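Engineer: One predicted model, sequence on top.
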2 protein chains.
Amino acid sequence: MYRQSISSERFIEIPAPVRAEYRRWRPTPLFRASRLEQALDTPAHIYFKYEGTSPSGSHKMNTALAQAYYYGRSGVREMVTGTGAGQWGTALAMACHPYDVACTVFMVRSSYEQKPYRGTLMRLNGAEVVPSPSTRTEVGRAALRADPESPGTLGIANAEAIEYANGRKEARFSIGSGENHVLLHQTVIGEEALLQMGLAGEFPDIVIGAMGAGSNFAGLTFPFYRASLTGNTGTRFLAVEPDACPKMTRGGYMMDYTDYSGVTPAVKMYTLGHTFTAYHIHAGGLRYHGAAPIVSAMYHAGMVEAISYPQTRVFESGAAFARTEGLVPAPESAHAVAAAIDEAVRAREERTERVILAGLSGHGLLDLGAYESHLSGETVDVAPTDEEIKASLRLIESL
Amino acid sequence: MYRQSISSERFIEIPAPVRAEYRRWRPTPLFRASRLEQALDTPAHIYFKYEGTSPSGSHKMNTALAQAYYYGRSGVREMVTGTGAGQWGTALAMACHPYDVACTVFMVRSSYEQKPYRGTLMRLNGAEVVPSPSTRTEVGRAALRADPESPGTLGIANAEAIEYANGRKEARFSIGSGENHVLLHQTVIGEEALLQMGLAGEFPDIVIGAMGAGSNFAGLTFPFYRASLTGNTGTRFLAVEPDACPKMTRGGYMMDYTDYSGVTPAVKMYTLGHTFTAYHIHAGGLRYHGAAPIVSAMYHAGMVEAISYPQTRVFESGAAFARTEGLVPAPESAHAVAAAIDEAVRAREERTERVILAGLSGHGLLDLGAYESHLSGETVDVAPTDEEIKASLRLIESL
């Protein structure tokens, strides 16, 4: 994995056993959202690349299988990870099984309690699920001493997973986004979409992806970025983050740690600071404090744009999508839907055609509680103040 | 629909607009469960035809779209139905939208409360969801007068839907299983599977389907029945019902109503009596009192076999399937998985090869609460006594 992270090869082949696994659901569908276009009365063509048909219901399965394969082949017998909303933990649990690799997932306690079915799904797939903070690790015990009712954070869960894995023979910590090798594994999404758009005889004017740590965004956009340079297409690339965690639109481009406790090497990235705790939003997968170094560098160089959305707009868009296309997007994916709708409306207002491609990274069937909050008007918009962001960034100025 | 129900044509063409809708997810996957075979150490080849990739997550979408199309074309502006577990209500809600047909769903109150996300999913797709018994109809008000805390039954919900539809202009009652036209619409499953098995170069020795009212079972098996006659293959056909609602294995072959209140015409079928109320099991979709008249006639003639399973066995099988194949079956579908596993184990014991095809009618992502009960050992087996069945059948002896 490390060799993949520092490779200067343009292409790295997907191992045959991983390709055999992918074949269970890949290629994933690319579809044109004709009914959404009709409802918006837009001249734009809106395409979605849909990763929700994977066994775990999201794109996370792509890297989970690759990691389980590589680690399993290297003699690792147990994978340990932290998960927030649970998409990643589910994918890793499912991926470990075919390689006879055990799986232990530290799951943020508030998510564990709010989304009990995520835990069920992981246990059904043979994983051990530990609400974090736990008493299994020093990090967890310290967090519990400080606050016995601690709801946990992804930072703490990952720190627990790292400590736990380090203390066990043949166990390794595994991570679901941000790192170069994870971004690489996800480019299968964009490579497929590139061929599929070719079959449709179109090339996107804009490619849109939701932005957590960046693996979903990079997976879809990077292959199109390469093709756009070759074809000189002038295609735009748009990362969509939540107002509650605006690392690209309001963060700093600085050296920072990728985990809460600071045991990982510091990297240069757009960040809100590794101790930043985003206000609760339903799109738990987008609450990570930093943007992957490669995506950050591209954003800094103007190769990529970014925008943030309040969650009420996001759920309005997700519900509109469900009504027209009959498919409920995960709250994370609904961020890309919201931006795609805005682009399509702009196309109508400007009376110009344009081809929009957006990533639908997963389904929202385990997030219907969040949609119920939206339908009953209980969803509120949250965002950090400038002062909160400044204070958090001040803590990493000296790194 | 009535013309389809009494047609003597061997094939009735699927209208082009319905085929266009089907194309969004059809053909559905047929896959060989190689890992399950490995885990069972069986010489049998086990194939599953999986309907969970439909927008609503089950086979119910096939007939929902056909009905919405035919009714919409005939000027119907509102479809009204009753739903138990919610699979059917979800499918109809999603199907009505493209035809601009409104959708009102009376949902059994106990399910409405135990599976709140089913209601969310229907509302997200523009349907109005009414917990039944309700105050909207005379049937509902009577049920509430008798028991203000009534948890409802599918019989009452359907009776409410019929009364409500009859009282509204341009509204029609729609039904999700049992009737001939519904069975017909579902045969797209078996027709596809027939071609797909052909691509795999195999023909099943046994075809297995879960049995509610019969649309899932008939949809998969009927085309194979036709082909088995032509090819003289000696293929067996096995309907799997829950111990809690054993209409085929322990019911009578008698004239009976298909709804609780007896407003529908009586038909000859295997039944436990239209007032029979099955004990609560998680596979709510299999709690219907009767078997479709065509399936009943075939069973009576020995063309079809039947077996019943206790739900703990069903959930063990569903969990084993999730662990090996990474896909959680709906509790209803897990009945077919249980029977497929038993067949495969028998093949191992008898040291004979055999080809097993089972229907996986839907995913269980909205039923993870039921799997959680299984994992924590809280699921119990229930079945009616002989006396209870006799008493229920006595009430329809004079029909």
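Structural biologist: Yep, that arrived.

Engineer: So which residue of chain A lies furthest out from the middle?
Structural biologist: No residue in chain A sits farther from the centre than A:Arg351, which is 33.3 Å out by CA atoms, centre = their mean.

Engineer: Would you confirm that it contacts A:Asp41?
Structural biologist: No. Using CB atoms under 8 Å, A:Arg351 is not in contact with A:Asp41; the gap is 11.6 Å. (Each C-beta comes from the backbone N, C-alpha and C, glycine too.)

Engineer: and the closest residue to the residue farthest from the centre of chain A other than its chain neighbours, what pLDDT?
Structural biologist: Among residues not flanking A:Arg351 along the chain, A:Pro43 sits closest, at 7.0 Å (CB to CB, 6 or more residues apart in numbering or on different chains). A:Pro43 is assigned 98 on the pLDDT scale.

Engineer: Can you tell me how far A:Pro43 is from A:Trp88?
Structural biologist: Distance from A:Pro43 to A:Trp88, counting by CB to CB, to the nearest Å: 38 Å.

Engineer: Of these two, which one has the most company?
Structural biologist: Set A:Pro43 next to A:Trp88 and count neighbours by other CB atoms under 10 Å in any protein chain shown: A:Trp88 wins out with 29 against 14.

Engineer: so how many other residues sit close to the spatially closest residue to that one that is not a sequence neighbour?
Structural biologist: Distances taken as CB to CB, 6+ apart put A:Gly176 closest to A:Trp88, at 3.5 Å, once the chain neighbours are dropped. Neighbourhood size, A:Gly176 [other CB under 10 Å]: 26.

Engineer: ditto for the one 3 residues further on
Structural biologist: When neighbours are counted by other CB under 10 Å, A:Glu179 registers 24.

Engineer: cool, A:Ile281 as well?
Structural biologist: Look at A:Ile281: counted by other CB under 10 Å, it has 24 neighbours.

Engineer: Then A:Gly377?
Structural biologist: Quick note: A:Gly377 (other CB under 10 Å) scores 8 neighbours.

Engineer: what ranges do the helices span in the stretch 201-350 of chain A?
Structural biologist: Along the stretch 201-350 of chain A, counting by DSSP state H, counting those that start in this stretch, helices occupy A:215-231, A:247-250, A:293-300, A:311-325, A:331-349.

Engineer: my bad, should have said the stretch 51-200 of chain A
Structural biologist: With DSSP H, counting those that start in this stretch as the criterion, the stretch 51-200 of chain A has helices spanning A:60-73, A:87-96, A:109-114, A:116-124, A:138-146, A:154-166, A:180-200.

Engineer: what's the closest of these to A:Ala33?
Structural biologist: helix A:180-200 (12.7 Å; CB to CB).

Engineer: which strands and helices sit next to that closest one?
Structural biologist: The contact analysis (3 or more CB pairs under 8 Å, 6 or more residues apart in numbering or on different chains; DSSP states H and E) places helix A:180-200 against helix A:2-6, strand A:30-32, strand A:45-50, helix A:60-73, helix A:215-231, helix A:293-300, strand A:355-360.

Engineer: so how far is that helix from its chain's centroid?
Structural biologist: Remark: helix A:180-200 is offset 15 Å from the chain centroid, using CA atoms, centre = their mean, to the nearest Å.

Engineer: likewise stretch A:163-178?
Structural biologist: So, by CA atoms, centre = their mean, the centroid of stretch A:163-178 is 20 Å from its chain's centroid.

Engineer: What residues does chain A have near chain B?
Structural biologist: Residues of chain A that fall close to chain B, judged by CB under 8 Å from any CB of the partner chain: A:24, A:31, A:35, A:53, A:55-57, A:94, A:97-98, A:116-117, A:120-121, A:123-126, A:319, A:322-324, A:326-328, A:365-366, A:368-369, A:371-372, A:375.

Engineer: List only those of those residues flagged as buried.
Structural biologist: Buried subset of these (neighbour count, 16 or more other CB atoms under 10 Å in any protein chain shown): A:24, A:31, A:53, A:55-57, A:94, A:97-98, A:117, A:120-121, A:123-126, A:319, A:322-324, A:326-328, A:365-366, A:368-369, A:371-372, A:375.

Engineer: related to what we said a few turns ago, ranking the helices of the stretch 51-200 of chain A by burial, who's on top?
Structural biologist: Counting by mean count of other CB atoms under 10 Å in any protein chain shown, helix A:87-96 has the highest mean neighbour count of those, with a mean of 30.

Engineer: quick check: angle from that helix to helix A:154-166?
Structural biologist: 30 degrees (axes from the mean of the first three to the mean of the last three CA atoms, to 10 degrees).

Engineer: on that earlier part again, and the residue farthest from the centre of chain A, what pLDDT?
Structural biologist: 95.

Engineer: now swap in A:Pro116 and tell me
Structural biologist: With respect to pLDDT, A:Pro116 scores 85.

Engineer: Check A:Ala278 too.
Structural biologist: At A:Ala278, the pLDDT value in this model is 86.

Engineer: So what's the residue count around the residue nearest to A:Gln67 when sequence neighbours are not counted?
Structural biologist: The shortest distance from A:Gln67 to any residue other than its chain neighbours is 5.3 Å, reached at A:Ser174 (CB to CB, 6+ apart). Neighbours of A:Ser174 under the rule other CB under 10 Å: 28.

Engineer: Distance check, A:Ser174 against A:Val105.
Structural biologist: Distance from A:Ser174 to A:Val105, by CB to CB: 10 Å.

Engineer: residues contacting the closest residue to A:Arg168 other than its chain neighbours?
Structural biologist: Closest residue to A:Arg168 in three dimensions, ignoring its sequence neighbours and counting by CB to CB, 6+ apart: A:Glu78, at 6.4 Å. A:Glu78 makes contact with A:101-104, A:165, A:168, A:170-172 under the criterion CB atoms under 8 Å, 6 or more residues apart in numbering or on different chains.

Engineer: Figure out which of the helices of the stretch 201-350 of chain A is closest to B:Met254.
Structural biologist: helix A:311-325 (43.6 Å).

Engineer: Next, the angle from the closest one to helix A:331-349.
Structural biologist: Helix A:311-325 and helix A:331-349 are oriented at 80 degrees to each other (the same axes, to 10 degrees).

Engineer: Cool, thanks, talk later.
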